[in-house]
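Chemist: Sequence and predicted structure are below.
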Amino acid sequence: MVSFSRRRLAQMLGASLLPIGGVIAVVRSTGYELPLVRRGRLVVLSASEFSVLDAVARRMCAAPAELVAPSVDDVDVVGFIDRFVATMNETIRTDLFRFLSVLEQLCPLLIGSVTRFSKLDPQSQDSVLAKLEAHDDGLLRGAFSGLKALIFMGYYRDPLTWPLLRYDGPTIARAAGGP
Amino acid sequence: MAVDAVVVGTGAGGSIALRELARAGLNVVALEEGDYLTSADFTQREDEMIPRLFQDQGGRTTDDLAIRILQGRGVGGSTVHNTNLCKRVPDEILDLWSTKYRVSGVTPAEMRPHFERIESDLSVSLIPTEARNRNNDILRLGVEALGWRGGQLKHNRVGCRGSGFCELGCVYNAKQNALKIVLPQAEEAGAKICALVRATKIVHDGCEVKGLVAEATDDEGRVTATLTFRTRVVVLAASAIGSAALAQKSFVPDPSHLLGKGLRIHPGAVVAGWFVDDVVGDKGIPQSYECTEHLSFEEGSDKRAWITTAFAHPIGTACVLPGFGAAHMRAMREYRKYAVLTAMLHDESSGEVYVGRDGRPKMRYEMNAADRKGLAKGLHACAEILFAAGAREVVIPGIPPVRLRSAKELSSVDYSFVRPAGLPLTAVHPMGTMRMGDDRRTSVVTSEGEHHHLRGLFVADGSLFPTSLGGPPQIGIYSFSHHIAPHAVARARRV
């Protein structure tokens, strides 16, 4: 019975629910508070979008125990994404925000939880992300992939992360001109 | 504003059309929706250059999000970010177009002067073997160990410093491309280039072109002015995506219902091999060697994969490596030890370009079963090459990822992950949405590139190609534009 329900829920999380992500966001967008340092400083992200991205970034960029690596705060992953998303085409930006709503409100159902993604413990968050990456629905896998690209762009763009990879970076020094 | 001709797009196709029209003494203007960036603007940083040099800030995908389409934006188009590979359209493909697709004037003998002219303009030469980096040498070693067909590639660079940042624009201005060579020649002949101007509508009466409407924008895409050009000749060179979408938005006659159809994109996927010694694939000329053992130009063949190297900088690598979190970071730590190959599919699947409700182009594309099988064989071959060259581990980043310790394990790989969004797929060569040919029932434009039903509308980009090429298309696009341009000149002079 449980497995049937979960399969059904997984199917429901497919493409057909992506468009209503925006509606869900409106219904369940209370209870989010920005860290003091972010208040009044975000370009386009709402408090709920910030919270989801922050939670996803912390899991995606989690370092192995044996390694000291820059944190997502050290390289300001979500701050970068906020500025980057502000320059995006409006249609793509809207799709991204809808997907964040689906991830926050519905994707925890993939592991049988009704808790918002951003409030889950790290292990459960990893389980949700792993389910999403391997989901039967191609659109959800594709959306996960897009989100992963955004977060890793925010992380590995920063020279602080380059020594981890022994990456030398640009051969020329020029002032940054990007977002 | 009244002009003799307007060229939409400034990449390989647009630049040549613009130059030839200007050299014929015509009053011609080119419109480019992206910015005018030069070597002084490039920073060798992925986060800064990808959003500026690629459509949709590098995030363009097919509508099912399954395939990322990296397509150039800005003066010079995709020639600014490509890896400068120079291959002519294969004779077998030209013969196929001449016979089966009834395209006149494009036999190998007829196209040879165009290829020669373009190769001379762009200083095309064989990449010196001493410029081959270790990633490419691993490909060569593997190919030779297996006794497969392969060879050194040609490029259009002069004065290359081997920095390895080709895909982010060359800060050393070594690329002999549309931006550096052809567009300045066009300007010298009197052509005007308008950057940050987006063509929005071809004006016509159903029989002939009357003009073109465009929007000038600021660098964030906000419209600052509307421009109207009175002209009898419009040359579309905005790629197989942009050109078809503009024609659709302009309600160009389409009795054959082929406008926007026949989209080919050469989808490709990577395979990584871990080596004991550093590979340092991000340094040097990114692609200098190819394997053609699994590539046939015969229609219906199961040999569809063109194999070359595909090393990326950190962000690109992070996106392709499977998973996330601690395991992903451990894999990223091995960045210097990976050699990366790609199998690019000579695709026969047919997608389409259409205009979304927001007025932007969208792409519908799904690989058919034969192409999925062809790509799987290509990935398999990449893994074989890597093991033959000494890789200790090979990773195919499917979902789930495949990790192999020896070539023997290859026989047990289940390639069912080769499905939409089942592995990271990238495409950089959109083609075929306004195909050429003599028969107006089976093509959109004539063999001279002029629309079958709308006099004065020409196409001079990859949209023309009736099939995919199975290799990098830039020389083909430059050369077909060179083939089309005299006909556009003649039309402009007649009206």
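Modeler: Noted; the coordinates are in hand.
Chemist: burial measure for the closest residue to chain A within the stretch 1-150 of chain B, as a count.
Modeler: Nearest to chain A, among the residues of the stretch 1-150 of chain B, is B:Leu65, at 2.5 Å (C-beta to the nearest C-beta). In short, each C-beta sits where N, CA and C put it, glycine included. Residues lying near B:Leu65 (other C-beta atoms under 10 Å in any protein chain shown) number 22.
Chemist: And what about the closest residue to it other than its chain neighbours, helix, strand or coil?
Modeler: Distances taken as C-beta to C-beta, 6 or more residues apart in numbering or on different chains put A:Gly142 closest to B:Leu65, at 2.5 Å, once the chain neighbours are dropped. Here A:Gly142 is recorded as helix under DSSP: H, G, I helix; E, B strand; the rest coil.
Chemist: Just give me the neighbour total for A:Gly142.
Modeler: For A:Gly142, the neighbour count with other C-beta under 10 Å is 24.
Chemist: just the one 4 residues further on next, same as before
Modeler: Residues contacting A:Gly146 under the criterion other C-beta under 10 Å number 19.
Chemist: check contacts around it.
Modeler: The contact partners of A:Gly146, by C-beta atoms under 8 Å, 6 or more residues apart in numbering or on different chains, come to A:Leu96, A:Phe99, B:Gly59, B:Thr61, B:Leu65.
Chemist: So what's the residue count around the fourth one?
Modeler: What it means is B:Thr61. B:Thr61 has 22 neighbouring residues, counting by other C-beta under 10 Å.
Chemist: quick one, phi psi at it?
Modeler: With angles defined as degrees, to the nearest 10, B:Thr61 sits at phi -140, psi 170.
Chemist: Mind telling me what element the closest residue to it other than its chain neighbours is part of?
Modeler: Excluding the flanking residues, the one nearest B:Thr61 by C-beta to C-beta, 6+ apart is B:Arg68, at 5.4 Å. Here B:Arg68, judged by DSSP states H and E, is contained in strand B:67-69.
Chemist: low-confidence ranges in chain A?
Modeler: Low-confidence segments of chain A (pLDDT under 70): A:1-29, A:174-179.
Chemist: returning to that earlier point: now the helix or strand following the strand holding B:Arg68: how far from the chain's centre is it?
Modeler: Using DSSP H and E, the next helix or strand after strand B:67-69 towards the C-terminus is helix B:91-99. Helix B:91-99 has its C-alpha centroid displaced from the chain centroid by 20 Å (C-alpha atoms, centre = their mean, to the nearest Å).
Chemist: Which of the residues in helix B:91-99 are classified as buried?
Modeler: Buried positions in helix B:91-99, judged by neighbour count with 16 or more other C-beta atoms under 10 Å in any protein chain shown: B:Ile93, B:Leu94, B:Leu96, B:Trp97, B:Ser98.
Chemist: pLDDT at the residue nearest to B:Thr61, what is it?
Modeler: On the pLDDT scale, B:Arg68 is placed at 94.
Chemist: wait, what's in contact with it?
Modeler: B:Gly59, B:Arg60, B:Thr61, B:Pro424, B:Leu425, B:Thr426, B:Ala427.
Chemist: would you turn those into TSV with pLDDT?
Modeler: As requested, the contacts of B:Arg68 are exported to TSV (pLDDT from 0 to 100):
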residue	pLDDT
B:Gly59	89
B:Arg60	93
B:Thr61	93
B:Pro424	90
B:Leu425	94
B:Thr426	95
B:Ala427	96
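Chemist: okay, these in JSON lines with secondary structure next?
Modeler: Supplementary listing: the contacts of B:Arg68 in JSON lines, determined by three-state DSSP:
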{"residue": "B:Gly59", "secondary structure": "coil"}
{"residue": "B:Arg60", "secondary structure": "coil"}
{"residue": "B:Thr61", "secondary structure": "strand"}
{"residue": "B:Pro424", "secondary structure": "coil"}
{"residue": "B:Leu425", "secondary structure": "strand"}
{"residue": "B:Thr426", "secondary structure": "strand"}
{"residue": "B:Ala427", "secondary structure": "strand"}
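Chemist: Show me just the buried residues among the residues you listed.
Modeler: Using 16+ other C-beta under 10 Å, the buried members of the contacts of B:Arg68 are B:Gly59, B:Arg60, B:Thr61, B:Pro424, B:Leu425, B:Thr426, B:Ala427.
Chemist: CSV for those residues, including distance to A:Leu129?
Modeler: What follows is the buried ones among the contacts of B:Arg68, written out as CSV (distance: C-beta to C-beta, whole Å):
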residue, distance to A:Leu129
B:Gly59, 20
B:Arg60, 24
B:Thr61, 20
B:Pro424, 16
B:Leu425, 21
B:Thr426, 22
B:Ala427, 26
